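>>> Sequence first, predicted model second:
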Amino acid sequence: MFNAFNSVVLAADFNKNSISNLESQIPGYKFNGANLNRLISLQDFGVVNILFFVGGVALIISLISAGIGLMTAAGDPSKIKAGQTKITNGLLGMLLMLSAYFIIRLVGTILNLPGITATF
């Protein structure tokens, strides 16, 4: 049984030995050795991760643009409708992207296609 109080590690004492100690005490835990530079660099990111990032940025820009449009509409029904349409389109685009991702994963898992499940 894992006891959290026995495994408290101070930041100054955190090293490779403490990581292997955690790996032995927590079933299923595996530290993969990633660091901040590796997480930020593009060498480990696949196309899917980059597309999700771009889609998320596009959603944020769409929502901010729609919010500004709604705030500056001054009661004009056509501007309010345009702002609401931008919000709807942005959210539907993100929903479509997420749905496509999960459908592809599901089909790859059902058909036991390792190339698809490894890529996505």
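Cool, the structure landed.
>>> How much space separates G69 from I110?
43 Å (CB to CB, to the nearest Å). Quick note: C-beta positions are derived from backbone N, CA and C, even for glycine.
>>> neighbour count winner among these two?
More neighbours sit around G69 than around the other of G69 and I110, counting by other CB atoms under 10 Å; the figures are 17 against 8.
>>> could you measure that one against V54, distance?
22 Å.
>>> And L106, by the same measure?
23 Å.
>>> secondary structure class for G75?
G75 falls in the coil class when you classify it by DSSP: H, G, I helix; E, B strand; the rest coil.
>>> per-residue pLDDT, it?
pLDDT for G75: 89.
>>> And the helices in the chain, which stretches?
Ranges of helices in the chain, per DSSP state H, are 16-25, 36-40, 47-71, 77-110, 114-119.
>>> least reliable of these going by mean pLDDT?
helix 36-40 (a mean of 47).
>>> domain ranges for the protein?
The chain breaks down into these domains under automatic domain parsing: 4-33, 46-119.
>>> my read: A73 touches G83, true?
Yes - using CB atoms under 8 Å, A73 is in contact with G83, at 6.4 Å.
>>> And for A66, the neighbour number?
19.
>>> Would you mind confirming that it makes contact with I80?
No - counting by CB under 8 Å, A66 sits too far from I80 to count as a contact (10.3 Å).
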